[in-house]
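Novice: Okay, here's the prediction I keep looking at, along with the sequence it came from:
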Amino acid sequence: MVTIEKFLGKRVEIPEDRRYYIKQGLWAKHNEHDITFGLSEPALILFGGLKDLDWLATEGQPVEQGESVIFAITGKILYIDSPIKGHIHFNNELKHAPELVLRDPYNQGWLFKLEPGKEMEKDFLRLSGASAYAESLKNSEGCKNPEGLKGGVSGICKAVYTGIGAQKI
């Protein structure tokens, strides 16, 4: 387990038994017949949590690498892409309980599974390991603002937050 003690004021874990799609903060776990994907703890913190989601593909349909498969409402609007191609299967429990992603992101909070074709192993191994994913986070707001201060590390954001606090409405 790779642990970052201070990531926007929180302690986050990155399991080493998975691979990571760094571009979107997705974890991937290779199972016997499929690959399961979900959002990592650091990604959920950077996105501001998860409020709602909707499927952009039909259950069982083939999807291409890079195709948007989930529309998510986090602290912003987010389109989640498929890191590899395959036939998609969604975690339908999330439709009624999206909080599972926040409560248990590496187990019950998985987003979708792909049944890839013959290139499954090769596509899976193209994803990054836990250490490479943790290294990629060093330039993120999470590591640049380890205490999770409002306004972060940006001079503009700090000025806006300071200005908001000084307003008398």
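Specialist: Arrived safely.

Novice: all contacts plus neighbour counts: C-alpha atoms, from now on.
Specialist: OK.

Novice: Now the residue nearest in space to the middle of the chain: phi and psi?
Specialist: For the chain, the residue nearest the mean C-alpha position is Leu39 (3.0 Å; Cα atoms, centre = their mean). Note on Leu39: backbone dihedrals following degrees, to the nearest 10 are phi -90, psi 130.

Novice: cool, and Val2?
Specialist: Torsion angles at Val2 (phi, psi; degrees, to the nearest 10) stand at phi -100, psi 130.

Novice: Next, the contact list for the nearest residue to it once chain neighbours are set aside, please.
Specialist: Nearest residue to Val2, sequence neighbours excluded (Cα to Cα, 6 or more residues apart in numbering): Ile14, at 5.0 Å. Residues near Ile14 by Cα atoms under 8 Å, 6 or more residues apart in numbering: Met1, Val2, Thr3, Ser40, Glu41, Ala130, Ala134.

Novice: could you dump those to a markdown table with distance to Glu147, neighbour count and secondary structure?
Specialist: Below are the contacts of Ile14 laid out as a markdown table (distance: Cα to Cα, whole Å; neighbours: other Cα atoms under 10 Å; DSSP: H, G, I helix; E, B strand; the rest coil):
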| residue | distance to Glu147 | neighbour count | secondary structure |
| --- | --- | --- | --- |
| Met1 | 22 | 10 | coil |
| Val2 | 19 | 13 | strand |
| Thr3 | 16 | 14 | strand |
| Ser40 | 19 | 27 | coil |
| Glu41 | 16 | 25 | helix |
| Ala130 | 23 | 22 | helix |
| Ala134 | 17 | 19 | helix |
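
Novice: picking that back up, what sits closest to the residue nearest to the centre of the chain if chain neighbours are left out?
Specialist: Leaving out its chain neighbours, the residue that sits closest to Leu39 by Cα to Cα, 6+ apart is Leu26, at 4.6 Å.

Novice: okay, the residue nearest to Val2: pLDDT?
Specialist: Reported pLDDT at Ile14 in the predicted model: 97.

Novice: any idea how far Pro116 is from it?
Specialist: The spacing between Ile14 and Pro116, counted by Cα to Cα, to the nearest Å, is 24 Å.

Novice: pretty sure the residue nearest to the centre of the chain contacts Lys23?
Specialist: No: counting by Cα atoms under 8 Å, Leu39 sits too far from Lys23 to count as a contact (11.4 Å).

Novice: quick one: average pLDDT of the helix or strand harbouring Leu102?
Specialist: According to DSSP states H and E, Leu102 maps onto helix 99-103. Averaging pLDDT along helix 99-103 gives 94.

Novice: Alright, I will stop here.
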